[in-house]
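Undergrad: No letters, just coordinates:
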């Protein structure tokens, strides 16, 4: 009988933990980027920011956040940053993503209210993203790009 009660108690606790909704406060802390992919229309994936992308996501307890993602292999400018060629600036913009604002969880979606971003089309926008949080790993899907590819970001909570 004692084993049955303990098993029932463990099952109730497991169900309760799984049913706890994720909130912005539950995402608070620092996160390290561990994967950045693009999912193609056929379901295959490729690296979006190189094999070992670099990035950091910081979420405050009140839901404010700042995020940066950088391609793993970003060559330096040929000369002065402010006097670079157009191709170098293009490469710079296509090998990074940064934005800040506030984040919340609404109806099982991460909602980013983006104050400003490296992509000016995102300034002042609201993006709803499907996500999964499993332990200390957070994964979300960015809205599809014009070519139909869906960026996927995978983060690990830092201690």
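TA: Structure received. Model, not experiment: these values are computed from the prediction. Residues are numbered from 1 along each chain as shown.
Undergrad: Any stretches of the chain with poor pLDDT?
TA: 1-21 (pLDDT under 70).
Undergrad: Please, where are all the strands along it?
TA: Assigned by DSSP state E, the strands in the chain fall at 29-39, 45-47, 54-59, 64-70, 96-106, 109-117, 126-134, 137-141, 150-157.
Undergrad: Does anything pack onto the shortest one? Which helices or strands?
TA: Judged by 3 or more C-beta pairs under 8 Å, 6 or more residues apart in numbering; DSSP states H and E, the packing partners of strand 45-47 are strand 29-39. (Each C-beta comes from the backbone N, C-alpha and C, glycine too.)
Undergrad: wait, residue 23 sits on residue 108?
TA: No: using C-beta atoms under 8 Å, residue 23 makes no contact with residue 108, being 12.0 Å away.
Undergrad: How about residue 88, nearest residue that isn't a chain neighbour?
TA: Distances taken as C-beta to C-beta, 6 or more residues apart in numbering put residue 77 closest to residue 88, at 5.4 Å, once the chain neighbours are dropped.
Undergrad: Next one: the one you found from residue 96, what distance?
TA: In this view, residue 77 and residue 96 are 13 Å apart by C-beta to C-beta, to the nearest Å.
Undergrad: Give me the more crowded residue out of these two.
TA: Shown here are residue 77 and residue 96; by other C-beta atoms under 10 Å, residue 96 has more neighbours (18 against 15).
Undergrad: ok, what's across the strand from that one?
TA: Counting by DSSP bridges, residue 96 forms beta bridges with residue 70.
Undergrad: How many residues are close by the closest residue to residue 109 other than its chain neighbours?
TA: Distances taken as C-beta to C-beta, 6+ apart place residue 128 nearest to residue 109, at 4.4 Å, with adjacent residues excluded. Applying other C-beta under 10 Å, we find 13 residues neighbouring residue 128.
Undergrad: residues touching residue 128, list them.
TA: Applying C-beta atoms under 8 Å, 6 or more residues apart in numbering, we find residue 128 in contact with 106, 109-112.
Undergrad: related to what we said a few turns ago, check the gap between the residue nearest to residue 88 and residue 85 for me.
TA: 9 Å.
Undergrad: one step back: is there a quick PyMOL command that grabs whichever of the contacts of residue 128 are buried?
TA: A single PyMOL command selects the buried members of the contacts of residue 128 (16 or more other C-beta atoms under 10 Å):
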select buried, resi 110+111+112
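Undergrad: want to throw the contacts of residue 128 into a markdown table with distance to residue 31?
TA: Below are the contacts of residue 128 laid out as a markdown table (distance: C-beta to C-beta, whole Å):
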| residue | distance to residue 31 |
| --- | --- |
| 106 | 20 |
| 109 | 18 |
| 110 | 12 |
| 111 | 17 |
| 112 | 14 |
